[in-house]
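Student: This is a predicted model, with the sequence first.
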Amino acid sequence: MEFPEIIKISRQLNDVLRGKRFIDITLGDQNDKLIKWGFVNLHKHDIVGLTIEEVFPRGLYSVLRFEKGENLVFGDLIGRILYHPNKSRLPNKYTILFSLSDKSFLSLQIDQYGFAYALDDNALSNHKYFGNQGLTPNDERFSYGYFEDVLSKYSKHHVKKLQFLQNVISGFQNGYFQDILLCAGILPYRKISKLTDKEKTNLFKCMVEIIEKAIELEGSTDEVDIYGHPGKYKRMIGTRIKNRICPQCGDVFVEKNILGSPSYFCMTCQD
Ligand SMILES: [Zn+2]
């Protein structure tokens, strides 16, 4: 789940949760591991009974703001957040189940990792991830000057590094960033210092255009919203990638492990 999905989900959660309270939180077995890794702390930070005032996006995270300066952060998530208007439609499997004061439910399914972390305002603004999110490409302050400044600070790194800099450019994981690099015609393992001015402006343009398009299309077809409906943005480089061909030229995408995770790209369209 990346920024375009988080925007949509935050808006939907704001509509259905505002003014309600959690009356019970059930943690499934999988939480032992998530608690140990630091992704979940709901066993010790109590938010039951507090009214939800607002839900808003922040980079890769959706923040539920409660009364009395408390917050619950969902995000950096491989999984799904689903809303259930009543008990008859509850899923068999969930990582965390939230019962709401109007007898509706929210379920969180964490497939590999993801945060469900409660903290007060002060801890939120000082948190190393949640409190330190940079500009997203749809932000009006995200100018070419800002982007160029980031490039010069990280000039010694590979281009792929840009997707991990949540404190300066937030909201990315591998998905949209791969499409951005295909759009810009740049290989992920190029050194930032070796990019031409034209490649830098292309990269900026593709970053803004693809993210705005994904927001407009309400996220990727691979991800679902809180009602289980997928988005309409079709990835150029999808998730089930084996033997997939480039929609621009017909060549087979190449896989390479870069900075600790697999990257897919087209040797014909990217340089
Ligand atoms: Zn291609």
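Tutor: Now that the structure is in, tell me what you want to look at. Numbers count the residues shown, from 1 in each chain.
Student: Please count neighbours and contacts with C-alpha atoms only from this point.
Tutor: Noted.
Student: ok, and the closest non-adjacent residue to L106?
Tutor: Y83 (4.6 Å; C-alpha to C-alpha, 6 or more residues apart in numbering).
Student: what residues go with each domain of the protein?
Tutor: In the assignment given by automatic domain parsing, the structural domains of the chain cover 3-126, 144-265.
Student: Of all those domains, which one is nearest the ion?
Tutor: Taking C-alpha to the ion, domain 144-265 is the member of the domains of the chain nearest to the ion, at 4.1 Å.
Student: one step back: what residues does the helix or strand harbouring the residue nearest to L106 touch?
Tutor: Assigned by DSSP states H and E, Y83 belongs to strand 79-84. Identification of contacts with strand 79-84 by C-alpha atoms under 8 Å, 6 or more residues apart in numbering yields 1, 90, 104-114, 223-228.
Student: hmm, try it at 7 Å
Tutor: With C-alpha atoms under 7 Å, 6 or more residues apart in numbering as the test, strand 79-84 has contacts from 90, 104-111, 226-228.
Student: Keeping just the C-alphas, turn that strand into PDB.
Tutor: What follows is strand 79-84, C-alpha atoms only, in PDB (Å, rounded to 0.1, in the frame of the first residue of the first chain):
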ATOM      1  CA  GLY A  79      -2.200  -6.300   3.800                       C
ATOM      2  CA  ARG A  80      -5.600  -4.700   3.900                       C
ATOM      3  CA  ILE A  81      -7.800  -2.600   6.100                       C
ATOM      4  CA  LEU A  82     -11.500  -3.500   5.700                       C
ATOM      5  CA  TYR A  83     -14.700  -1.900   7.100                       C
ATOM      6  CA  HIS A  84     -17.600  -4.200   8.100                       C
END
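Student: I am finished for the moment; much appreciated.
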